[in-house]
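Trainee: Fold the stuff below for me.
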Amino acid sequence: MKKAFIAIGSVAAMSIALTGCSGSTTGGALGSGDSLVVITSQAPWNPAYDAVVKAYEEETGVDVDLRPFPNADVKTQVLNDAQTGNHTFDVYQVNEVDLAQLNDSGILMPFTEAKAGYTLDPEIFTYNNVTNWNSETRSFSADGDVTSLPLMGNLQVLMYRTDIYDDLGLSVPTTWDETIANGQAMIDADAARYGYVQRYQGIPGAPGVTYDFAGLLHGVGGSFFVDEGSDWTPAFNTPEALEAARDFRELAKLGPADPKAVGQAEAIAAMQGGDAGQLDVVAAAASSMNDESSSNVVGKVGYAVLPGAASASGLWNLALPADLPEDRRELAVDFIDWVTSEHGMEIFAEAGGIPTRDDAYDAEGLSAETSAYLDVVRESAPTAVGPFRFTFITEFLTVSEPIIAAIAAGDVSPEDGMAQLQEQVTQVVEDAGYPMG
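Mentor: As a prediction, the model looks like this:
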């Protein structure tokens with residue numbers, strides 16, 4: 001196994017603001033016998049994960065010590081475990097933005113090494129091959145080894161005020177031009193304070209405004225790179241990228257006067273408070289729209305596939321430590337398979353999680369409100385894109401966040417902003433040693 005020497009640090013998660021969850025954070029030894037130690041993040045969907053783990057324990061007789069840590073600390077804990085060889089955890093939970101780094105450093109074990117002949121369940125969404133790592137091309141592709149399975153299927157969706165759409169006779173947009181037109185119509189009719197909101201705040205090194213821009217960029221046929229896996233030449237100098245940048249600026253004009261002050265929490269609050277007519281946000285925020293204690297738009301929000309049908313994924317994934325002792329491997333991979341099985345994911349969905357396999361979306365216990373947005377997530381999953389699956393992610397985001405935020409705010413023109421990204425990201429790719437051209 002290649003020894004892991006990634007600098008210990010963290011990349012901020014793409015999910016919404018986090019809260020505490022159940023479980024112990026005390027130390028302990030690696031699971032032994034019929035027991036497992038599993039790291040997890042502290043997130044709003046933890047109760048759903050707890051429900052799955054409880055059902056697993058009851059049906060298998062295996063005890064699970066589920067240890068939650070703040071989002072930013074999960075990667076640090078995993079790196080510490082891998083680099084010190086402490087074998088604290090049987091199963092890792094990995095943020096999508098960290099998967100390439102951990103795979104490339106040999107920290108994650110291919111599932112076939114844990115269980116001979118392992119094959120991927122065809123009902124599991126791969127979200128453009130996030131499950132399969134190709135060590136030769138240093139990218140995710142269908143011909144790579146299965147090194148993780150998605151646990152939480154967070155994707156971008158479009159939320160819109162159904163009452164305003166009805167009053168103005170608007171149609172659900174399928175393009176960004178239509179989205180802009182709908183937003184302007186809302187403002188012109190004084191039907192909403194903001195015609196459209198999303199995250200415009202840049203956080204260098206973290207996936208903030210770049211994440212939201214990614215869905216728009218891919219939705220108009222663009223991408224960050226020419227061909228991930230073979231040609232990593234940045235593609236910010238293309239007509240598609242320029243179109244996306246111009247649309248991004250036009251969308252920002254429909255929102256608050258100071259786009260740079262709008263993070264994800266502020267964007268969600270604008271919709272909850274009744275100020276926004278349209279919102280581009282991760283699906284995990286959908287349940288908050290019908291929370292009567294915090295929302296003024298209960299029963300007035302609809303959900304649709306992101307215009308262009310290229311939703312950016314923001315997944316949490318389950319993986320195996322590369323140096324997991326041989327006698328622990330099969331139990332660990334069986335746990336991951338159980339959690340991501342149809343039965344496990346149905347429990348997850350019914351308890352408020354976003355399932356990562358197609359057949360789980362038919363769970364009988366889903367409410368009409370939950371099904372309304374989960375149906376959109378399900379439809380979005382086959383065409384979802386993973387915009388942050390490369391090892392130089394932190395360096396890339398350090399460049400992209402301030403520039404894309406400046407484009408949204410009008411501090412730099414779309415043309416100049418894309419030119420700056422092309423030049424600066426090219427240097428990042430060169431420094432990372434990836435092939436171009």
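
Trainee: And the helices in the stretch 201-350 of the chain?
Mentor: 209-219, 239-253, 264-272, 326-339, 342-350 (DSSP state H, counting those that start in this stretch).

Trainee: Tell me which of those sits most buried.
Mentor: helix 209-219 (a mean of 27; mean count of other CB atoms under 10 Å). In this view, the C-beta of every residue, glycine as well, is placed from N, C-alpha and C.

Trainee: Find the centremost residue of this structure, please.
Mentor: Gly314 (0.2 Å; CA atoms, centre = their mean).

Trainee: quick one: low-confidence ranges for the protein?
Mentor: 1-33 (pLDDT under 70).

Trainee: How is it divided into domains?
Mentor: Split into domains by automatic domain parsing, the chain comes to 35-154+314-378, 156-312+388-432.

Trainee: Going by residue numbers, what spans are strands in the stretch 151-300 of the chain?
Mentor: With strands called from DSSP state E, counting those that start in this stretch, the stretch 151-300 of the chain shows them at 156-161, 225-227, 231-234, 278-282.

Trainee: buried sites along the shortest one?
Mentor: In this case it means strand 225-227. Phe225 (16 or more other CB atoms under 10 Å).

Trainee: How about the last one?
Mentor: Neighbour-count burial for strand 278-282 flags 278-282 (criterion: 16+ other CB under 10 Å).

Trainee: Ok, stretch 182-189 next?
Mentor: For stretch 182-189, by 16+ other CB under 10 Å, it's 182-183, 185-187.

Trainee: any residues touching it, and which ones?
Mentor: Under the contact criterion CB atoms under 8 Å, 6 or more residues apart in numbering, stretch 182-189 has outside partners 160, 164-165, 167-168, 170, 173, 191-192, 194-196, 251, 254, 277-278.

Trainee: what about the closest residue to Val412 other than its chain neighbours, which helix or strand?
Mentor: Of all residues not flanking Val412 in the chain, Ala406 sits nearest, at 4.4 Å (CB to CB, 6 or more residues apart in numbering). Assigned by DSSP states H and E, Ala406 belongs to helix 393-409.

Trainee: Which neighbouring elements make contact with the helix or strand following that helix?
Mentor: Next helix or strand after helix 393-409 toward the C-terminus (DSSP H and E): helix 414-432. Judged by 3 or more CB pairs under 8 Å, 6 or more residues apart in numbering; DSSP states H and E, the packing partners of helix 414-432 are strand 231-234, helix 239-253, helix 393-409.

Trainee: what angle separates the last one from helix 209-219?
Mentor: Pointing back at helix 393-409 there. 80 degrees (axes from the mean of the first three to the mean of the last three CA atoms, to 10 degrees).

Trainee: between helix 393-409 and helix 239-253, how many degrees?
Mentor: 60 degrees.

Trainee: From the chain's centroid, how far away is helix 393-409?
Mentor: 18 Å (CA atoms, centre = their mean, to the nearest Å).

Trainee: Buried by neighbour count: which residues of that helix qualify?
Mentor: Buried, per 16+ other CB under 10 Å, within helix 393-409: 393-409.

Trainee: which SSE is Thr126 in?
Mentor: Using DSSP H and E, Thr126 falls outside every helix and strand.

Trainee: Number of residues surrounding it?
Mentor: 20 (other CB atoms under 10 Å).

Trainee: What's the separation between it and Leu149?
Mentor: Between Thr126 and Leu149 the computed distance is 9 Å (CB to CB, to the nearest Å).

Trainee: intersection of neighbour lists for those two?
Mentor: What both Thr126 and Leu149 touch, as defined by CB under 8 Å, 6+ apart, is the set Leu120.

Trainee: ok, residues contacting stretch 288-306?
Mentor: 156-163, 165, 172-174, 215, 219, 268, 271-274, 280, 283, 286, 311, 369, 372-373, 375-376, 379-380.

Trainee: let's see it at 6 Å
Mentor: 156-163, 172, 215, 272-274, 369, 372-373, 376, 379-380 (CB atoms under 6 Å, 6 or more residues apart in numbering).

Trainee: who are the neighbours in contact with Ala270?
Mentor: 194, 197, 276.

Trainee: cool, Gly202 as well?
Mentor: 208-209, 401-402, 405.

Trainee: out of the residues you listed, who's nearest Met436?
Mentor: For these, the residue nearest Met436 by CB to CB is Glu401; the value is 22.2 Å.

Trainee: Let me know whether that closest one touches Pro204 as I believe.
Mentor: Yes: judged on CB atoms under 6 Å, Glu401 makes contact with Pro204 at a distance of 4.8 Å.

Trainee: joint contacts of the two?
Mentor: The overlap between the contact sets of Glu401 and Pro204 (CB under 6 Å, 6+ apart) is empty.

Trainee: Distance check, the residue nearest to the centre of the chain against Gly437.
Mentor: For Gly314, the distance to Gly437 - CB to CB - is 30 Å.

Trainee: list the contacts for Gln198?
Mentor: Contacts of Gln198 (CB under 6 Å, 6+ apart): 212, 267, 280.

Trainee: my guess is the second one meets Gln201, correct?
Mentor: The one in question is Ala267. No: taking CB under 6 Å as the definition, Ala267 is not a contact partner of Gln201, at 9.1 Å.

Trainee: Centre of the chain to the helix or strand hosting Val94, how far?
Mentor: Val94 belongs to strand 92-95 when assigned by DSSP H and E. Put simply, strand 92-95 sits 12 Å off its chain's centre (CA atoms, centre = their mean).

Trainee: got it, and stretch 306-322?
Mentor: 5 Å.

Trainee: ok, now stretch 234-243?
Mentor: Its chain's C-alpha centre and that of stretch 234-243 lie 23 Å apart, by CA atoms, centre = their mean.

Trainee: picking that back up, show me which pair in the contacts of stretch 182-189 is furthest apart.
Mentor: Asp167 and Leu251 (21.6 Å).

Trainee: Quick check on Gly169: phi, psi?
Mentor: phi 70, psi 30 (degrees, to the nearest 10).

Trainee: Quick check: the gap between it and Gly274.
Mentor: 20 Å.

Trainee: Could you do Asn86 as well?
Mentor: Applying CB to CB, the value for Asn86 to Gly274 is 50 Å.

Trainee: Check Leu217 too.
Mentor: For Leu217, the distance to Gly274 - CB to CB - is 30 Å.

Trainee: And Ala409, by the same measure?
Mentor: Distance, Ala409 to Gly274, using CB to CB: 24 Å.

Trainee: Pro237 is in contact with Gln420, isn't it?
Mentor: Just so we're on the same page, residue 237 is Asn rather than Pro. No: if you go by CB under 6 Å, Asn237 and Gln420 don't touch, sitting 10.7 Å apart.

Trainee: Going by how many neighbours each has, rank the two and give me the top one.
Mentor: For Asn237 versus Gln420, neighbours defined as other CB under 10 Å are more numerous around Gln420 (18 against 15).
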